[in-house]
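next come a sequence and a model predicted from it.
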Amino acid sequence: MRHPGEEGDRTRTRWELLRGGFVPESQAQGKRATARHEENHMRRFLLASSVALTTLVLVAGTALAAVTWHSGPTFVDNGDGSFTATGDGSGFGNKPAVANIVISGTVRYTCINGGGQESPGQNPVPATSGGSQDLGNADHNGRGVLNLTVSFVPAATVGGKVAGCPNKNWTGINPVVEGPLSATLTITQAGKVIYGPVTLP
């Protein structure tokens, strides 16, 4: 009994021995091409997985690099229309960290016309004040000190329509705070929030 591929085979088909037995050479070439394709696909998959894992590790490492606060942060209402944030931290790195306080409230204006006549404004007017502080960490090896006080200072004047005056020829003056104030503290670094927002009350 002749094996495929021996001289004298009627079909003159060339055969090759692959895993599982003899197969025609054309079929063997197809199987080799398929194997190479699968091997290349697996290599690309493993490379992509490796890159993704490395990225995940770097992101996780960044997220775990937290600031250490040696005191604070504390954020208090001073009871006089101002709010204060204090604290002392390290681990900020060399990119400036900035604390920001925004105070929100409602005020009411007195309306006054060109002749000096006054009238109570009818509209409660939302108002905000804000202030910020660079913690100085970029110049002190990542150590930052927070000591920021911001007072609520609404606009001194507004248009008559805004204040609820008799007409647009009037102006709103002498703002008086109505109701409680609220304030929000946020600390950012390189465009990202690293503390807060914390809101009082």
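Sure, I can see it. Residues are numbered from 1 along each chain as shown.

excluding its backbone neighbours, what's nearest residue 107?
Counting by Cβ to Cβ, 6 or more residues apart in numbering, residue 107 lies nearest to residue 175, which is 4.0 Å off, once chain neighbours are set aside. Every residue, glycine included, has its C-beta placed from N, CA and C.

which residues does that neighbour contact?
Taking Cβ atoms under 8 Å, 6 or more residues apart in numbering as the criterion, residue 175 is in contact with 107-109, 125, 127, 154-156, 158.

what is the nearest of these to residue 93?
residue 127 (35.8 Å; Cβ to Cβ).

what's around that closest one, how many residues?
Using other Cβ atoms under 10 Å, residue 127 is surrounded by 18 other residues.

can I get the helix or strand encompassing it in CSV, CA atoms only?
Per DSSP states H and E: residue 127 is located in strand 125-134. Taking C-alpha atoms only, strand 125-134 is exported to CSV below (Å, rounded to 0.1, in the frame of the first residue of the first chain):
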residue,chain,number,x,y,z
VAL,A,125,-31.7,89.6,44.0
PRO,A,126,-29.4,86.5,44.0
ALA,A,127,-25.8,87.5,44.5
THR,A,128,-22.4,85.8,44.8
SER,A,129,-18.9,86.7,46.1
GLY,A,130,-15.8,84.7,45.8
GLY,A,131,-12.1,84.6,46.5
SER,A,132,-9.1,82.3,46.0
GLN,A,133,-5.7,81.4,47.3
ASP,A,134,-2.6,79.7,45.8
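
can you list the strands that that strand pairs with?
Note on strand 125-134: by DSSP bridges, its sheet partners are strand 97-112 (antiparallel).

partner strands of the lengthiest strand in the chain, parallel or antiparallel?
Counting residues, the longest strand found in the chain (DSSP state E) is strand 171-189. Paired strands of strand 171-189, with direction, are strand 97-112 (antiparallel), strand 158-159 (antiparallel), strand 192-200 (antiparallel) (DSSP bridges).
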